[in-house]
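[1] sharing a model prediction with you, sequence too.
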Amino acid sequence: LYDWANSVYSLVITTAIFPIFYNKVTATTAPDGTTSDLVTFMGMEFINTQLYSYVLAASFVVVIIASPLLSGMADYAGKKLFFMKIFCYTGSAACASMFFFNPARLEWSMLSLFLANIGFWGSLGFYNAYLPEIAPREDQDRLGARGYIMGYIGSLILLIVCLVMIQVWEVCARWAFVQRVFLRVLRAA
């Protein structure tokens, strides 16, 4: 079930809905009809997609540095579940805060993306560490494959629901960021 809910982040947030939403809300149209994809972030100008990539890269650097330290602490203290929940809940709250994404407050808005990505990738290390504990060696491949399948199914179902909401019912794409939170909280419970 962890894969069921967790894989939604990589499909809905990082691949299908949030990047399109982000590009749309950060692009500006001048009175003469020209469109600009320049954004101001911390006093500097960036192309909106460039800034998006920098924020994701910075979050990966944090995960790369923190993961070995935190996983060592978790193994030593027997606190894998504790750390997994911290990352899960942090990522879920940050993902829900993307609902309030505002290009006029881009620093705060990009912080949501930054923390959501850290929450997603940070929780995976602790989640993957559970496989040897919950299944004997001969069942690990089967169980791991089943988790991946459940992840793909969960991602696809929520993506279809989100696309129907956005395309058919014309609901704002922001609601896709909140739906995912319910799945993550259920997954970690």
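    Here it is on my side, so go on. Numbers count the residues shown, from 1 in each chain.
[2] C-alpha from now on. contacts and neighbour counts both.
    Fine.
[3] name the nearest residue to residue 40, ignoring sequence neighbours.
    The spatially closest residue to residue 40, leaving aside those adjacent along the chain, is residue 46, at 6.3 Å (C-alpha to C-alpha, 6 or more residues apart in numbering).
[4] helix, strand, or coil at the one you found?
    Secondary structure for residue 46, judged by DSSP: H, G, I helix; E, B strand; the rest coil, is strand.
[5] pretty sure it contacts residue 39?
    Yes: the criterion here is C-alpha atoms under 8 Å, and residue 46 meets it with residue 39 at 5.4 Å.
[6] comparing those two, which residue is more hemmed in?
    residue 39 (21 against 15; other C-alpha atoms under 10 Å).
[7] got the contact list for that one?
    Neighbour list for residue 39: 26, 27, 45, 46, 47, 48 [criterion: C-alpha atoms under 8 Å, 6 or more residues apart in numbering].
[8] now with 7 Å, please.
    Going by C-alpha atoms under 7 Å, 6 or more residues apart in numbering, residue 39 touches 26, 45, 46, 47, 48.
[9] taking the residues you listed together, which two end up most distant?
    Largest separation among those by C-alpha to C-alpha: 26 and 45, giving 12.3 Å.
[10] distance check, the residue lying farthest from the centre of the chain against residue 24.
    Within the chain, the residue lying farthest from the chain centre (C-alpha atoms, centre = their mean) is residue 32, at 36.5 Å. The spacing between residue 32 and residue 24, counted by C-alpha to C-alpha, to the nearest Å, is 18 Å.
[11] secondary structure element holding the closest residue in space to residue 98 that isn't next to it in sequence?
    Closest residue to residue 98 apart from its sequence neighbours, by C-alpha to C-alpha, 6+ apart: residue 112 at 5.8 Å. Secondary structure from DSSP states H and E places residue 112 in helix 106-128.
[12] all set now, cheers.
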